[in-house]
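Asker: need a 3D model of the sequence below.
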Amino acid sequence: MASPSTSSTIRCFTMLASAALVILVSRSSCLQFSYPIFDASNEADFGFSPGSGIANGALQITPSTGNMSHRSGRVFYTRETLKLWNSKRTALTSFATEFVLNILPRNGTGEGMAFFLTNNPQLPGNSSGPWLGVTNNQTDGSPANRVVAVEFDTRKSSMDDLDGNHVGLDINSVESLFTYPLSNVSIVLSSGSDARVGIQYDGASTVLSIGAVQEGHVFTHELLVDLSQFLLEDISFGFAASTGEFTQLNQIKSWNFVTIGDDRGGHRKKVGLLVALMTLLTLAIAGGSCLAFYVWRRVTWQRRQAYRNLEKMIDARGPIRFKLRELRSATANFSPDRKLGRGGFGTVYLGYLPKMNMEVAVKRVSATSTAAAGNNNSSSNRGEKEFVAEVNTISRLSHRNLVKLMGWCHERGELLLVYEYFPMGSLDKLLYSSDAKNNARTEQQQELNWERRFKIICGVASALEYLHHGSSQRVLHRDVKASNVMLDAEYAPRLGDFGLARVVHLDGATHHSTQAVAGTRGYMAYETFFTGRASLDTDVYAFGVFAMEVLTGRSPSAPVLHCDGGGDDDDHHHGSRRGKPMYIVDWVWKLYGEGRAPRAVDAAMKDDGEVDPAQVECVVRLALACCHPNPRERPSMRTAVQVLIGGAEAPEPPVQKPAFVWPPVGNGQEMELPQVGVLFTGGQNSSFCSITSTFVSGR
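Answerer: Alright, predicted model coming up:
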């Protein structure tokens, strides 16, 4: 015995297939057509309102280019009208139609589409927004409209609307007589996925049947509608749609239509043939569905098993588990127009969640990182590891300077993370934004004054101190850099991107082993390349580089000529003569050793009278101490925070940069590293970054 869901599916497919079958086998119908796709040769068959047309193989009910906001449109069949009554006027005309509807959001979602029957086919004026191209605020509710429509609404435009994703029956008004929330059956009209819709009308019983299928989810409903109470004899039919402030593409990708008469010759034989064929089709669909399901289960078993194992690894408490359809709808099906940026393991999109009435940042972990299950190659499951690490790590953290993880999604091969959204974007975009023509600083960059920069340095230090010493579990971030620091409207920093983060135990083991060097070149401590391990000290080193980056406005990966920041003739001559580039740590250490540390300040702030020389000196000394070649000489993040808030004296790093010696010497307690004998000479004329750049491949 078939389950209720199976019976419903078979019934709906039968209904949707009936139009195509009738077209093939019935000659008793007086009106029929089939458009599996649309092209320019079909234009003569339809009436188009201004802005409507045919593009990309579909009927575009509202404009698909140019100004798409606050528009409405209609497309209707013009070769023949639908007769309200059969030829003997013994019953209303029966008909069946089937079409593929596709709604693709552009900047949000709104407003919706409708299939209509009317005696007034021309588009009403001012029918954009909530009016769906069906009526307007002057005519809504008037019997003179002579229109019956099945609406597919994608926005809650008024208090009377059920929600922003429903089907409804409209008669002379957009205030529906019947509505049904399609979210109840997991159909999302504005997801960008095709929805196959079937509508049948039985003139004898006046029963209107509506069905829809999207990605295996099914909706069906029946209701009584006497069309003769609302429509006259010659009926035009087609599609209407509208947009408002938020826009979408309202498309019909295929369309079949047929009327079924009851008084033509050969009627009995043809009806019998039709019933027999529909029965066979129903059995074929049911059998084919079972076979396809069986094959799908066999083919995808390995991948699904891998994802079940991955879910067992996730132990998130607090963040919401979102449905894939919710996040597809929120991001307009991951539209390129919504892309905010690309990180080491995924792309981030701007999304809008109607239920929460807020914008979010949705990180989509790269498909190449979530490769097939069963592959033991480290690159095949790298993205999965980063996903699990990020969910498990950040879900347990709570600090004012950390990005908040709102939720996650693991469904149909997608790995998605949902974060709070910061319109200001990441810090690196403000630090390095400039006018390409004249290299002028942007207005936002000019607003990044010293007070705000010092606040950012302090905030990131506080976040790292919490990760190292304040949370219930010790966390290594392993990727501290400007592009992973988001700014809110008050320029308060939020450290994010925990894809490389790892939890370490507090019982003596304070390092984390890796199979490959992890991090970003320019921020990575010397010892990382020899041990393959991260520690509290490697995070401290990255923070030191970050502090220099914020102070100087220079990228750690970009070389600095010796003359940069000098200012006197001798230095310029010295730099031009030797012409060897330096990297940020060596450059700042050189200025510090020459007593010219204030010259490292970003040129955008040199004329800023608000720069505090004492704070600049404090940041320089602390940053150099954090970047000491010997990890055991670096301060902890707890000490760094105390220095920044004035609770401890700033360290006094050596005037000349010490050599990098391996293994390290000293009394530090944070290291547990293998004994590898290596010696790099440091100082003014060497750069570890430049030395290792030939064999290091960081993020």
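Asker: list the contacts of D194.
Answerer: 100-102, 214, 253 (C-beta atoms under 8 Å, 6 or more residues apart in numbering). In this view, the C-beta of every residue, glycine as well, is placed from N, C-alpha and C.
Asker: from the residues you listed, which has minimum pLDDT?
Answerer: Lowest pLDDT among the contacts of D194: Q214, with 91.
Asker: got the contacts of D194 as CSV, with secondary structure columns?
Answerer: Listed next are those as CSV, based on DSSP: H, G, I helix; E, B strand; the rest coil:
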residue, secondary structure
V100, strand
L101, strand
N102, strand
Q214, strand
K253, strand
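Asker: most surrounded residue in the residues you listed?
Answerer: Highest neighbour count within those: L101, with 24 neighbours (other C-beta atoms under 10 Å).
Asker: report the contact partners of the closest residue in space to it that isn't next to it in sequence.
Answerer: Among residues not flanking L101 along the chain, A195 sits closest, at 4.8 Å (C-beta to C-beta, 6 or more residues apart in numbering). A195 sits next to 100-103, 152, 187, 189, 212-214 when contact means C-beta under 8 Å, 6+ apart.
Asker: same deal with L232?
Answerer: By C-beta under 8 Å, 6+ apart, the neighbours of L232 are 84, 119, 146.
Asker: again, but for V601
Answerer: Residues near V601 by C-beta under 8 Å, 6+ apart: 450, 551-552, 611, 616.
Asker: rebuild those residues as TSV, extending it with neighbour count.
Answerer: Output for the contacts of V601, formatted as TSV (neighbours: other C-beta atoms under 10 Å):
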residue	neighbour count
W450	21
L551	24
T552	25
V611	18
V616	19
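Asker: what about those, which are in helices?
Answerer: Members of the contacts of V601 lying in helices (criterion: DSSP state H): 450, 551-552, 616.
Asker: tell me the domain ranges of this structure?
Answerer: As given by automatic domain parsing, the domain ranges for the chain are 32-265, 314-421, 424-692.
Asker: now the second one, how far from the chain's geometric center?
Answerer: Mean-position distance between domain 314-421 and its chain equals 8 Å (C-alpha atoms, centre = their mean, to the nearest Å).
Asker: and the furthest pair within the contacts of D194?
Answerer: Farthest apart among the contacts of D194 by C-beta to C-beta are Q214 and K253. That separation is 13.0 Å.
Asker: can you tell me the element the residue most central in space within the chain falls in?
Answerer: The C-alpha lying nearest the average C-alpha coordinate of the chain belongs to Y349 (C-alpha atoms, centre = their mean; 3.4 Å). Secondary structure from DSSP states H and E places Y349 in strand 346-353.
Asker: contacts for the very next helix or strand once past that strand?
Answerer: Downstream of strand 346-353, the first helix or strand assigned by DSSP H and E is strand 358-365. Contacts with strand 358-365, where a contact means C-beta under 8 Å, 6+ apart, come from 327, 330-331, 334, 340, 343, 345-353, 383-384, 386-387, 406, 414-423.
Asker: list the buried residues of strand 358-365.
Answerer: Neighbour-count burial for strand 358-365, counted by 16 or more other C-beta atoms under 10 Å, picks out 360-365.
Asker: ok, back up a step: ChimeraX command for the buried members of the contacts of strand 358-365?
Answerer: Those of the contacts of strand 358-365 that count as buried under 16+ other C-beta under 10 Å are selected in ChimeraX with:
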select :327,330,331,334,340,343,345,346,347,348,349,350,351,352,353,383,384,386,387,406,415,416,417,418,419,420,421,422
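Asker: go through whichever strand or helix holds L327 and flag the buried ones.
Answerer: According to DSSP H and E, L327 maps onto helix 324-330. Neighbour counts over helix 324-330 (16+ other C-beta under 10 Å) mark 324-330 as buried.
Asker: of all pairs in those residues, which one is the farthest apart?
Answerer: Top of the distance list for these (C-beta to C-beta): L324 and A330, 10.6 Å.
Asker: if we can go back for a sec, can you list the strands that the strand holding Y349 pairs with?
Answerer: Sheet pairing of strand 346-353 (DSSP bridges) gives strand 339-342 (antiparallel), strand 358-365 (antiparallel).
Asker: so which of these is nearest L431?
Answerer: That would be strand 339-342 among the strands paired with strand 346-353, by C-beta to C-beta, at 14.7 Å.
Asker: ok, A623 - contacts?
Answerer: Per C-beta under 8 Å, 6+ apart, neighbours of A623: 544-545, 547-548, 551, 588.
Asker: what does the helix holding L327 rub up against?
Answerer: In this structure, residues lying in contact with helix 324-330 by C-beta under 8 Å, 6+ apart are 105, 109, 186, 188, 190-193, 334, 351-353, 360, 362, 409, 411-412, 414, 416, 418.
Asker: hmm, try it at 7 Å
Answerer: With contacts defined as C-beta atoms under 7 Å, 6 or more residues apart in numbering, helix 324-330 is touched by 109, 186, 188, 190-192, 351-353, 360, 362, 409, 411-412, 414, 416, 418.
Asker: wait, L123 touches S49, no?
Answerer: Yes: look at L123 against S49 with C-beta atoms under 7 Å: they come within range, at 3.9 Å.
Asker: common neighbours of the two, please.
Answerer: Shared contacts of L123 and S49, defined by C-beta under 7 Å, 6+ apart, are found at 73-74.
Asker: how far does stretch 140-155 stretch from start to finish?
Answerer: In stretch 140-155, first residue to last residue: 18 Å (C-alpha to C-alpha, to the nearest Å).
Asker: again but with stretch 466-479, I slipped
Answerer: With C-alpha to C-alpha applied, stretch 466-479 spans 16 Å between its terminal residues.
Asker: over to stretch 211-228?
Answerer: The first and final residues of stretch 211-228 sit 23 Å from each other (C-alpha to C-alpha).
Asker: buried ones in it, by neighbour count?
Answerer: Neighbour-count burial for stretch 211-228 [16+ other C-beta under 10 Å]: 211-214, 217-220, 225, 227.
Asker: just the contacts of A623 now: which is nearest S483?
Answerer: V545 (12.9 Å).
Asker: got a pLDDT number for S535?
Answerer: Looking at S535, its pLDDT is 86.
Asker: can you tell me how far it sits from E527?
Answerer: 8 Å (C-beta to C-beta, to the nearest Å).
Asker: do D586 as well
Answerer: Counting by C-beta to C-beta, the gap from D586 to E527 is 17 Å.
Asker: and for D539?
Answerer: 13 Å.
Asker: with the contacts of D194 in mind, which one is nearest to L231?
Answerer: The closest of these, once distances to L231 are taken by C-beta to C-beta, is L101, at 22.9 Å.
Asker: isn't that closest one up against N250?
Answerer: No: look at L101 against N250 with C-beta under 7 Å: they stay out of range, at 8.4 Å.
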